[in-house]
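S.K.: Structure for this input, please:
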Amino acid sequence: MIDRHEVTSDGAVDERDRTTDGVRSDFLRRIVAEEVAQGKNDGRVHTRWPPEPNGYIHLGHVMGCLLAFSLAQEYGGKFNLRFDDTNPLAEEQEFVDGIIDDLSWLGVDWEDRLFFASDYFEQLIEWAEILIRDGKAYVCDLTAEEVREYRGTATREGNRTITPPGKNSPYRDRSPEENLDLFRRMCAGEFEDGSRTLRAKIDMAHPNLNMRDPVMYRILRAHHHRQGDKWCVYPTYDWTHGQSDAIEGITHSTCSLEFENHRPLYDWFLDSLPVPHRPRQIEYGRVNVAHTVMSKRWLRQLVEEDHVQGWADPRMPTIRAMRRRGYTAEAIRDFVREIGVTKSQGSVEMALLEHFVRKDLNKTSPRVMVVLDPVKVVITNYPEDQSEELEAINNPEDPEAGIRKVPFSRELYIDRADFMEDPPKKFYRLAPGREVRLRYAYFVTCTDVVKDDSGNVVEIHCTYDPETRGGDAPDGRRVKATLHWVSAAHALDVEVRQYDVLFTPENPAAAEEGKTWLDNLNPESLTVLSACKAEPSLGGAEVGHRVQFERTGYYCVDSDSTPDRIVFNRTATLRDTWAKVKKRGS
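M.R.: Below you'll find the model as predicted:
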């Protein structure tokens, strides 16, 4: 092993190991390796990931899913995808289908092991009745507000967390016979929604609030996306989670650190029931990504309040949005692999994810020329009725990508930022009297400009040197700038959407006094350029097609495109800020 020490964005030192083949070794993998070596679970490794289908999965979810999946892969084990579909009020089949599609795209393979917690409702009812008979569960008539009041609240005194004892429910001492009768009547639909719950009977003075007689079932009449109207009682996550793991033979139940305080309850249920298998819950630290949020509740709020254009808005951290923006599955997997696993919560720069996106797209994306802010160039000594085709390299990183033909004519478009009438020092692009190279074409020299009544340059006149066809001068003279361009007569009109971070500060939750996290939304997170000009090779480009706009960035064809007008989303700029950060840090 080689010790690896990295400094996170908040300045903390993160110590992890990396094996010689580049695969992370972390505390979780060491636990699994030790148990396999000891022959625990007969040497099996069987993991799962249990998303709730109440929204599309985001980058934080994927970190947890890929961790569980990779653990199973590394030990030749099994991986289950199980939907935690216990809350019919928030869950939809649309999200089930979307999550399956996103995970398949990422390369996650659960083979024939697609499960739903609702598949186990009958078994969970049977086990709940065992707890009732054993005096370990009771039917309670307290309202939800009263349950919270009786449970008590944790308070802080200096560095200590104080949890004063709670108060027993007045229904806590009902007999097992009465509780069993009431529970069965709950299941039969005899009582109003919210009027009764089934609670585990543990310890109302326990320092862990999760152990203070937690609710197992609530009465709820709601249509379930799979079960229909079959049930009028629904189990809680805490009651469902561990028992589902046991039914499926899960060996290592990985989850993020906020469930650490739930582990005693996870174990208590398993210890109290005749489950066929005993899984182990292991927690790891969540990793937040700068300039975005990883709370599904907050993401849902962004969608429902129209702060973004749906779950697939390319500014969102959902996988659906990242796919639309042009991120690749390989880049996301490499990002997750790089940040690894720790026991504590951390944060990482968005620039690191973009670094892996660029690294992948640089290898695979064909190069094209697109002018975002066009200004016309007239080659005054080029014949008016003439055009020609020039050879352009599709991808210098991939010789097998070949070449393409790009048309050249008397009138062209270049980016407005590539010309200055009165250039400052170190501006080497086009200016009056200056010669530059047009990519794959000719050397041109600016001779004149045409302005409108407001003094804005609307046309640039140049001459070209026909001896420099292909971009090199026979006499060996050199130019300091190479510009991309598009033939005006052959240009496609395209729309380009320039995306930036969704939130201005690194931590969106850190709102100023009197403001909320929503006030931290970046008002410049989307800029739409509607008058862009593209080379004709992009005609007919399909949705999802990824390209590099030369000298600009990586782009992807958006689903809003029509046969008459292509829309491109900016995936990432060419500049790699993370590489610069790492170089500066070293």
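S.K.: Grab the nearest non-local neighbour of Leu220.
M.R.: Tyr234 (5.0 Å; C-beta to C-beta, 6 or more residues apart in numbering). Placement of C-beta: from N, CA and C, glycine included.
S.K.: so who does Arg280 touch?
M.R.: 251-253 (C-beta atoms under 8 Å, 6 or more residues apart in numbering).
S.K.: Just the residues you listed: which are in strands?
M.R.: The strands, defined by DSSP state E, take in 252-253 from the contacts of Arg280.
S.K.: Would you write out the ChimeraX command that picks the buried residues out of the contacts of Arg280?
M.R.: Selection of the buried residues among the contacts of Arg280 in ChimeraX, burial being defined by 16 or more other C-beta atoms under 10 Å:
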select :251,252,253
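S.K.: Name the nearest of the contacts of Arg280 relative to Gly107.
M.R.: Nearest to Gly107 among the contacts of Arg280 is His252, at 20.5 Å by C-beta to C-beta.
S.K.: Spatially, what comes nearest to the closest one if we skip its sequence neighbours?
M.R.: Thr47 is the one closest to His252 (C-beta to C-beta, 6+ apart), at 5.5 Å.
S.K.: Let me know the next secondary structure element after the helix or strand hosting that neighbour.
M.R.: Here Thr47, judged by DSSP states H and E, is contained in strand 46-49. Beyond strand 46-49 on the C-terminal side, the first helix or strand identified by DSSP H and E is helix 59-74.
S.K.: Residues touching that next one, excluding its own?
M.R.: Outside helix 59-74, the residues touching it (C-beta under 8 Å, 6+ apart) are 23, 28-29, 32, 45-49, 51, 57, 77-79, 103, 106, 108-109, 252, 254-256, 284, 286-289, 292, 294, 317-319, 322, 332-333, 336-337, 339, 341, 353.
S.K.: For burial, what's the neighbour tally of the residue lying closest to Pro396 once chain neighbours are set aside?
M.R.: Distances taken as C-beta to C-beta, 6+ apart place Arg367 nearest to Pro396, at 7.6 Å, with adjacent residues excluded. Residues near Arg367, counting by other C-beta atoms under 10 Å, number 19.
S.K.: circling back to that earlier point, what is the neighbour count of the residue nearest to Leu220?
M.R.: Other residues close to Tyr234 by other C-beta under 10 Å number 22.
S.K.: Just say helix, strand or coil for it.
M.R.: For Tyr234, the assignment made with DSSP: H, G, I helix; E, B strand; the rest coil gives strand.
S.K.: partner residues bridging it?
M.R.: Arg218 (DSSP bridges).
S.K.: three-state assignment of Gln123?
M.R.: helix.
S.K.: For it, give me its contacts.
M.R.: 243, 247.
S.K.: change it to 7 Å
M.R.: Contact partners of Gln123, counting by C-beta atoms under 7 Å, 6 or more residues apart in numbering, are Ile247.
S.K.: Do you know the pLDDT at it?
M.R.: Looking at Gln123, its pLDDT stands at 98.
S.K.: Dead centre of the chain: give me the residue that sits there.
M.R.: Leu59 (2.8 Å; C-alpha atoms, centre = their mean).
S.K.: For it, give its distance to Arg333.
M.R.: 12 Å (C-beta to C-beta, to the nearest Å).
S.K.: same question, Thr445
M.R.: In terms of C-beta to C-beta, Thr445 sits 49 Å off from Arg333.
S.K.: likewise Arg416?
M.R.: From Arg416 over to Arg333 the distance is 39 Å, taken as C-beta to C-beta.
S.K.: coming back round to it: out of Thr445 and Arg333, which sits in the more crowded spot?
M.R.: Applying other C-beta under 10 Å to Thr445 and Arg333 shows that Arg333 carries more neighbours, namely 19 against 16.
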